[in-house]
Every structure is written in structure tokens, then in C-alpha cells.
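>>> Predicted model follows, preceded by the sequence.
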Amino acid sequence: MQDPVADMLTRIRNGQQAGHATVEMPASNLKYAIIQILADRGYVGGVERLDEGPQGKLVVSLRYDKDEVGMIRSLKRVSKPSRRVYVGVGEIPSVLNGLGLAVLSTSRGVLSDADARAAKVGGELLCTVY
């Protein structure tokens with residue numbers, strides 16, 4: 001697999017469109033950190049780490065509103081292996097005028113756009129969500 005983060009985002013997007021309650025994926029610390037940020041902001045219900053086999057799995061519970069429409073409207077990968085996107089603290093984008101979320105990989109770990117601005121650090125812009 002060339003881009004595990006893109007695979008994770010695609011699994012979440014496809015699972016939500018199919019109406020699944022949970023999705024499974026191979027585990028990694030980066031994926032776990034990204035999903036924790038999505039869970040803290042209410043885009044997914046939560047994440048559980050299963051240590052089955054040598055790598056383990058992540059089980060992500062998806063959230064839906066009262067009309068059974070997924071909480072995530074758009075989930076896009078920004079920085080890719082073929083084209084890395086780095087932003088400084090002043091260049092961190094505001095997704096949907098602050099209603100959305102950008103996830104960055106910084107020197108202080110994986111942070112949301114608001115947390116990165118507060119910590120005054122830039123980094124690699126991993127994905128945007130709204």
C-alpha cells in the first residue's frame with residue numbers, strides 16, 4: 001500500500017456512504033492520532049485498537065445524524081506521497097470558514113488546525129474534513 005492515510009480516509013468515506021456502523025483498518029500510530037482528532041471533534045464516534053496479529057487493527061465507529069446522514073460531508077487528503085504540502089503557522093487554512101477541520105502533522109505530534117495555531121507551529125497538511 002503506497003499511502004496508508006489515504007486508504008484510511010477512503011475506508012471511512014466508503015463505510016459511511018454504505019451506512020456501516022463501524023469500519024476496520026490496519027493499525028498505525030499516525031492513523032490512530034488522526035482518528036482521535038476526528039472523534040474529539042465529533043466526526044466519528046470513537047476508535048478501538050485491537051491487537052490481533054502482528055500489526056493490529058483499528059475499529060472506527062461512525063456517527064450519523066437523526067436522518068441517518070453521515071456526520072462527515074467531505075474528507076479529503078491534501079498532502080500526498082507524490083506531492084507533499086507543508087504550511088507555516090500563518091498559512092494554516094480555515095476549512096469552511098472555521099466550521100471544518102484541518103489535520104496537520106507537526107513537530108509536536110498530530111494536531112488540528114486550531115491546536116496548531118494555538119501552539120504556533122506549522123507542519124504537513126494531512127487532510128481536511130467538514
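Here it is on my side, so go on. For clarity, every value in this text was computed on a predicted model and none was experimentally measured. Numbers count the residues shown, from 1 in each chain.
>>> Please, which helix or strand holds Val59?
strand 57-62 (DSSP states H and E).
>>> Contacts for that strand next, please.
Contact partners of strand 57-62, identified using Cβ atoms under 8 Å, 6 or more residues apart in numbering, comprise 12, 15-16, 20-27, 31-32, 35, 44-50, 70-71. (C-beta placed from N, C-alpha, C; glycine too.)
>>> And the strands in the chain, which stretches?
22-26, 44-50, 57-62, 75-77, 86-87, 101-106, 109-112, 123-129 (DSSP state E).
>>> Please determine how far the residue at minimal distance from the centre of the chain is located from Ala118.
The structure's the chain has its C-alpha centroid closest to Ile34; by Cα atoms, centre = their mean the separation is 4.2 Å. Ile34 sits 19 Å away from Ala118, going by Cβ to Cβ, to the nearest Å.
>>> circling back to that earlier point, and the pLDDT for the residue nearest to the centre of the chain?
For Ile34, the pLDDT comes out at 98.
>>> what sits against it?
By Cβ under 8 Å, 6+ apart, the residues touching Ile34 are Val5, Met8, Val103, Val110, Leu126, Cys127.
>>> Most neighbours among these, which one is it?
Val103 (26 neighbours; other Cβ atoms under 10 Å).
>>> tell me the domain ranges of the chain?
Following the TED database, the chain resolves into domains at 2-60, 73-127.
>>> mind putting the ones you listed in CSV, distance to Lys66 included?
Output for the domains of the chain, formatted as CSV (distance: least, Cβ to Cβ, whole Å):
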stretch, distance to Lys66
domain 2-60, 14
domain 73-127, 16
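>>> re earlier: would you mind finding the most buried of the strands of the chain?
Mean neighbours per residue, mean count of other Cβ atoms under 10 Å, is largest over the strands of the chain for strand 101-106, with a mean of 22.
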